[in-house]
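> no sequence on this one, just coordinates:
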């Protein structure tokens, strides 16, 4: 009788250990889920488009770094946030496709607004 209780207690402990291990694995899988880029998509798109427009339309002797600093400051974004966001998109190339589709629509909207101003 004592052996049976000891075996059932060991079985119960083994079962609980497996459940605890499963809970720990689930916890870490949720913690490591994709949290998104440091800069929200919409804000990053506007920042990125601003950066491209300024680079393409500036005729003065501004360096690319000074233009980047100016745009980042305008959008209240640190260089680290910008670099991390670029890294986020680079590690998920499919996100760039959606990003550039949205950016194209945004640029077209800006163009139409500029054409309609007196």
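That came through, no problem. Since the structure is predicted, the reported quantities are computational estimates derived from the model, not experimental observations.
> Give me the mean pLDDT for stretch 105-114.
Mean per-residue pLDDT for stretch 105-114: 93.
> Now tell me what touches that stretch from outside.
The contact list for stretch 105-114 (Cβ atoms under 8 Å, 6 or more residues apart in numbering) reads 45-46, 49. Placement of C-beta: from N, CA and C, glycine included.
> could you point out which element follows the worst-scoring helix or strand of the chain on mean pLDDT?
For the chain, using mean pLDDT, DSSP states H and E, the weakest element among its helices and strands is helix 2-31, scoring a mean of 58. Sequence-wise, the next helix or strand downstream of helix 2-31 (DSSP states H and E) is helix 41-57.
> Kindly provide the whole-number mean pLDDT of that following helix.
91.
> which outside residues touch that helix?
Taking Cβ under 8 Å, 6+ apart as the rule, helix 41-57 contacts 37, 39, 64, 67-68, 70-72, 74-75, 77, 82, 85, 99, 102-103, 106-107, 110.
> from the residues you listed, which would you call buried?
The neighbour-count test (16 or more other Cβ atoms under 10 Å) marks 37, 39, 67-68, 71-72, 75, 77, 82, 85, 99, 103 as buried among the contacts of helix 41-57.
> closest to residue 89 among the contacts of stretch 105-114?
Residue 89 has its nearest neighbour among these in residue 45, at 10.8 Å by Cβ to Cβ.
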